[in-house]
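**Student:** The sequence and its predicted three-dimensional model are supplied below.
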Amino acid sequence: MGKKSFIVAVFLVCAVLSSHLESVAAQSSAECYDACSMGCVDQDQRLFARCDRKCRIKCDPAGQV
């Protein structure tokens, strides 16, 4: 019985850690985009949009926009 409870405890710890890592990835993605887009200061709308698009590609965790 002790071995089964140990396996269940390890599984629960792994589940908690994996859910925490997903939330950290989402936060870091938002922080990445905020930091990158702050550098997109240009009076030309076309250049600003291009810079913003590059930030979205760079900071998207799934690699998709």
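**Tutor:** Done, it's in. As the structure is a prediction and not an experimental result, all values here were calculated from the model.

**Student:** what sits up against stretch 42-54?
**Tutor:** With contacts defined as C-beta atoms under 8 Å, 6 or more residues apart in numbering, stretch 42-54 is touched by 36-37, 39-41, 65. All C-beta atoms are positioned from the backbone trio N, CA, C, and that covers glycine.

**Student:** Quick one: distance of the helix or strand harbouring residue 56 to the chain centre.
**Tutor:** In this assignment (DSSP states H and E), residue 56 forms part of helix 45-59. On the basis of C-alpha atoms, centre = their mean, to the nearest Å, helix 45-59 sits 18 Å off its chain's mean C-alpha point.

**Student:** For the closest residue to residue 28 other than its chain neighbours, give its distance to residue 47.
**Tutor:** Sequence neighbours aside, residue 61 is the residue nearest to residue 28 in space, at 7.9 Å (criterion: C-beta to C-beta, 6 or more residues apart in numbering). Per C-beta to C-beta, to the nearest Å, residue 61 is found 26 Å from residue 47.

**Student:** hmm, back to that, in what helix or strand does the residue nearest to residue 28 lie?
**Tutor:** Using DSSP H and E, residue 61 sits in no helix or strand.

**Student:** wait, it sits on residue 31?
**Tutor:** No - counting by C-beta atoms under 8 Å, residue 61 does not reach residue 31; the two are 11.6 Å apart.

**Student:** how many other residues sit next to the residue nearest to residue 28?
**Tutor:** Residue 61 has 12 neighbours, counted by other C-beta atoms under 10 Å.

**Student:** got the contacts of stretch 42-54 as JSON lines, with pLDDT and distance to residue 15 columns?
**Tutor:** JSON lines is the format used below for the contacts of stretch 42-54 (pLDDT from 0 to 100; distance: C-beta to C-beta, whole Å):
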{"residue": "36", "pLDDT": "90", "distance to residue 15": "32"}
{"residue": "37", "pLDDT": "88", "distance to residue 15": "34"}
{"residue": "39", "pLDDT": "87", "distance to residue 15": "38"}
{"residue": "40", "pLDDT": "88", "distance to residue 15": "39"}
{"residue": "41", "pLDDT": "84", "distance to residue 15": "43"}
{"residue": "65", "pLDDT": "47", "distance to residue 15": "30"}
